[in-house]
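J.: when you get a sec, could you give me coordinates for this:
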Amino acid sequence: MISPINVDFVRTPFTLKIVAFFFLSITFFYFGSHWFHGFNQLIFFSDSQSLNQIVTLSPNYNKSFNISSLIDYHPPPVAAAAAPYPVVPPVVAVTNKVYGSSDSDYVIKKFEVCPLNMSEYIPCLDNIDGIRKLKSVEKGEKFERHCPEKGGGLKCLVPPPKGYRTPILWPRSRDEVWYNNVPHTRLVEDKGGQNWITRDKDKFKFPGGGTQFIHGADEYLDHISRMIPEITFGQHIRVVLDVGCGVASFGAYLLSRNVLTMSVAPKDVHENQIQFALERGVPAMAAAFATRRLLYPSQAFDLMHCSRCRINWTRDDGILLLEVNRMLRAGGYFVWAAQPVYKHGEVLQEQWEEMLNLTTRLCWKFLKKDGYVAIWQKPFDNSCYINREAGTKPPPCDSSDDPDNVWYVDLKACISWLPENRNSANVTRWPARLQSPPDRLQSIKMDAFMSRDELFKTESKYWDGIIDSYVSSLDWKKLTLRNVMDMQAGFGGFAAALINQNLSSWVMNVVPVSGPNTLPVIYDRGLIGVMHDWCEAFDTYPRTYDLLHAANLLSVERKRCNLSSIMLEMDRILRPFGRAYIRDSLEIMDELQEIAKAMGWHVTLRETAEGPYARDRVLVCDKNLLGA
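T.: Now for the predicted structure:
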């Protein structure tokens, strides 16, 4: 029989002290772990789906470990295939668990290399099976996004072409690139006589000409400025869209005038225009005026340019020019250089009259025609739309239409209303607009923890500190950083901080569809960007970015997407010897490192300024040349 408990012993002061100490220990451990878990985090904004938490780089950045020695990556030989692209890329990586789930017991084997004929593969533009299912292609539908079905995306590493070399550095790359990096001669054959592009042994060279500016892009830009002196490049005109850009010489030469140009063209018979542009180090992406809105906000561009862009602007009640009108800033300019402007054949004259009639109904002011260039200006407010005769087409859009809603949204044959308070036109000159909180900041739909203006200023200051630490601690000025992408751009603070550091780079600011649409603010600052869903592939060629930056993105998107799919897309668009910075929660870093190792990346995990108890880390990833 067990003896009863000695009650007197339990009541002794010594026993009571032990019990009290035990409970105090548990209490301090509980509060301490919760306190350090969220220590010193700066939260800018959130919505119902995401919570962005951004932290600075640790001054103890050298307290890191490098697991590159653990990567023993030797890609298998690549066999070229005859078919253009497989309908669904082969599954060549083996896992015993799908990435993105909450458990941690996963193992991944190395991703193999895709066939060599996929070296320029763009998943959502080269989906042959999806294009074949289209009911019609007469309006250019085949040049729009048609992504593989769920589970049919990229599962291998897209290889470079044979003989690929590290790209020539900017600013030399504006004028010449390696032939082996974009080994296509059709543009030389088609456009060699128009001063676009020539081949000189192992290089392509870009004389700076174009179909309509045979005396060079600089003279062409001077001609526009002489026509309309109010078009002050680098002051009132900061953000431009070049439609049907060719090899993007228009945008390349505007860079020296402090103008940032989004150069767009479809992936069509004039092959690899966008690839050439990005290889040169000029902002560009594949896009087509067809049946859907382009992925840019309303009132975005100060000037839009079309030089022989082969677009019928007056078709279908002017629906394509109405898309230009949506994206053109109030008071912005449309520059058209095409045969109907300067040739007098009967058909061309009819096209010119149709263009004049349509632009008049759009309330655009025809400013001047000089030689082969015609220029219009969009109105500053809605007064002209209101005062048009009843029944005039195209009609104004319904008041319920959101002109900033662009993700898989069909074109609409209506005129987008300008904001009543004219805040879309109320932007200061460059460079002051970079740091000025724009009026449209107040209309962004998001939950904020402070005033919008304070939020904007805080984000800018915060990223200034982070980029300053990157430059000083990680020798960013010694890196090749020309084409940069911020995969979760917020208000564009990361891009603005790069400009403040005078780095020779431009930034593609990507606003994910899973968060608040801050894209209008980015354009109002004088920056460029695009809406995108990271569960799908981006509309660019492989090997087009030197740096990818993802802050608090993957931990959010893993609830919607497969993490390995996002990482494989990052590998596709990242240049060999390029770098990715992933700032995110510690809980997903093991998973990310395993995927990175499987892709052959070398990775280093670094602390942030909050120290070892913080919830975030910075994963620095370096991509090597496959087979090197």
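
J.: starting at the chain centroid, how far to the longest strand anywhere in the chain?
T.: Ordering each strand of the chain by length in residues (DSSP state E) puts strand 574-585 first. Relative to its chain's centre, strand 574-585 lies at 14 Å (C-alpha atoms, centre = their mean, to the nearest Å).

J.: residues contacting the nearest residue to residue 395 once chain neighbours are set aside?
T.: Closest residue in space to residue 395, ignoring its immediate chain neighbours: residue 414 at 5.5 Å, by C-beta to C-beta, 6 or more residues apart in numbering. Every C-beta, even on glycine, is put in place using the N, C-alpha and C of the backbone. Listed by C-beta atoms under 8 Å, 6 or more residues apart in numbering, the contact set of residue 414 reads 322, 394-398, 401.

J.: can you check residue 334 too?
T.: So residue 334 contacts 303-306, 324, 328, 359, 364, 375-378 (C-beta under 8 Å, 6+ apart).

J.: make TSV from the residues you listed and add distance to residue 118 and pLDDT to it.
T.: What follows is these, written out as TSV (distance: C-beta to C-beta, whole Å; pLDDT from 0 to 100):
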residue	distance to residue 118	pLDDT
303	37	98
304	34	98
305	33	98
306	32	96
324	34	98
328	37	97
359	43	98
364	44	98
375	43	98
376	43	98
377	45	98
378	42	97
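
J.: so which of those residues are in strands?
T.: Among those, the members falling in strands are 303-306, 328, 375-377 (criterion: DSSP E).

J.: and the residues you listed, which is closest to residue 241?
T.: Minimum distance to residue 241 across the ones in strands among the contacts of residue 334 is 4.7 Å, recorded for residue 304 (C-beta to C-beta).

J.: what residues are up against that closest one?
T.: Neighbours of residue 304 in contact, by C-beta under 8 Å, 6+ apart: 240-243, 324, 327-328, 332-335.

J.: separation between residue 509 and residue 555?
T.: Here residue 509 is placed at a distance of 20 Å from residue 555 (C-beta to C-beta, to the nearest Å).

J.: same deal with residue 249?
T.: 41 Å.

J.: circling back to that earlier point, could you dump the contacts of residue 304 into JSON lines with secondary structure and distance to residue 110 added?
T.: Output for the contacts of residue 304, formatted as JSON lines (DSSP: H, G, I helix; E, B strand; the rest coil; distance: C-beta to C-beta, whole Å):
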{"residue": "240", "secondary structure": "strand", "distance to residue 110": "43"}
{"residue": "241", "secondary structure": "strand", "distance to residue 110": "41"}
{"residue": "242", "secondary structure": "strand", "distance to residue 110": "41"}
{"residue": "243", "secondary structure": "strand", "distance to residue 110": "42"}
{"residue": "324", "secondary structure": "helix", "distance to residue 110": "47"}
{"residue": "327", "secondary structure": "helix", "distance to residue 110": "43"}
{"residue": "328", "secondary structure": "strand", "distance to residue 110": "48"}
{"residue": "332", "secondary structure": "strand", "distance to residue 110": "50"}
{"residue": "333", "secondary structure": "strand", "distance to residue 110": "52"}
{"residue": "334", "secondary structure": "strand", "distance to residue 110": "51"}
{"residue": "335", "secondary structure": "strand", "distance to residue 110": "50"}
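
J.: narrow the contacts of residue 414 to just the buried residues.
T.: Using 16 or more other C-beta atoms under 10 Å as the burial test, the contacts of residue 414 include 322, 394, 397 as buried.

J.: next up, phi/psi of residue 319, please.
T.: phi -60, psi -30 (degrees, to the nearest 10).

J.: what is the burial count for it?
T.: Using other C-beta atoms under 10 Å, residue 319 has 19 neighbouring residues.

J.: same thing with residue 368?
T.: 11.

J.: coming back round to it: any idea which of the contacts of residue 304 is closest to residue 523?
T.: residue 327 (9.3 Å).

J.: ok, that closest one touching residue 302?
T.: No - look at residue 327 against residue 302 with C-beta atoms under 8 Å: they stay out of range, at 10.8 Å.

J.: which of those two has more neighbours?
T.: Just comparing residue 327 and residue 302: by other C-beta under 10 Å the higher neighbour count belongs to residue 302, 25 against 22.

J.: tell me the spacing between that one and residue 363.
T.: Between residue 302 and residue 363 the computed distance is 18 Å (C-beta to C-beta).

J.: show me where pLDDT drops low in the stretch 351-500 of the chain?
T.: Applying pLDDT under 70 to the stretch 351-500 of the chain flags residues 422-426.

J.: for it, which segments count as helices?
T.: Secondary structure of the stretch 351-500 of the chain (DSSP state H, counting those that start in this stretch): helices located at 383-387, 452-474, 493-500.

J.: mind putting the ones you listed into JSON lines with mean neighbour count and distance to residue 259?
T.: Shown next, in JSON lines, are the helices of the stretch 351-500 of the chain (neighbours: other C-beta atoms under 10 Å; distance: least, C-beta to C-beta, whole Å):
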{"stretch": "helix 383-387", "mean neighbour count": "12", "distance to residue 259": "28"}
{"stretch": "helix 452-474", "mean neighbour count": "18", "distance to residue 259": "22"}
{"stretch": "helix 493-500", "mean neighbour count": "24", "distance to residue 259": "13"}
